[in-house]
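Colleague: The amino acid sequence is not available; the structure is as follows:
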């Protein structure tokens, strides 16, 4: 829980200053530096996700869904669990809404079932350069 409380504001500030892709890449680089914690290899993914949500809700820094998803993904990677960060959209009562969450084997972790689900935008690739579009130069 302490690690989540420390990482959430760092992720939120990084998203604000560098963008979400650079922040995800930084999380991936951090994982290569610290490596997988073999001692904690039997971690419960849902419990890790709940721990981050609790830290984001009740800790000194109130983090939104994107920093939470990034930290959940990073902690799962730390425990050797391969998961995916998903970004999705939907049309809500207040217009266009976006959301970030973590999926493990195609199922969202620690997410309440929504009456109108978010439509995932696509797969997020960590530590890969974004494709350059030559059409933008026209």
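Modeller: On my side now, so go ahead. In this text, all values refer to a predicted model and were calculated from it rather than measured experimentally.

Colleague: what residues does the host helix or strand of residue 57 touch?
Modeller: Assigned by DSSP states H and E, residue 57 belongs to helix 45-58. Residues outside helix 45-58 that contact it (Cβ atoms under 8 Å, 6 or more residues apart in numbering) are 1, 4-5, 8, 62-64, 67-68, 71-72, 75-76, 79, 81, 83, 102, 104, 109-110. Where you see a C-beta, it was placed from the backbone N, CA and C, and this is true even at glycine.

Colleague: among these, which are in helices?
Modeller: Counting by DSSP state H, the contacts of helix 45-58 place 4, 5, 8, 67, 68, 71, 72, 75, 76 in helices.

Colleague: Which residues are in contact with the nearest residue in space to the third one that is not next to it in sequence?
Modeller: Okay, so that is residue 8. In space, not counting the residues next to it along the chain, residue 8 is nearest to residue 63; the distance is 4.2 Å by Cβ to Cβ, 6 or more residues apart in numbering. When contacts are counted by Cβ under 8 Å, 6+ apart, residue 63 is found next to 8, 9, 11, 12, 55, 56, 71.

Colleague: Could you dump the residues you listed into TSV with pLDDT, distance to residue 87 and neighbour count added?
Modeller: Supplementary listing: those in TSV, determined by pLDDT from 0 to 100; distance: Cβ to Cβ, whole Å; neighbours: other Cβ atoms under 10 Å:
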residue	pLDDT	distance to residue 87	neighbour count
8	82	18	23
9	80	21	16
11	84	15	24
12	83	16	21
55	88	21	23
56	88	17	22
71	89	15	29
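
Colleague: can you list these in TSV and add distance to residue 94?
Modeller: Written out in TSV, the entries for these read as follows (distance: Cβ to Cβ, whole Å):
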residue	distance to residue 94
8	25
9	26
11	25
12	22
55	27
56	21
71	26
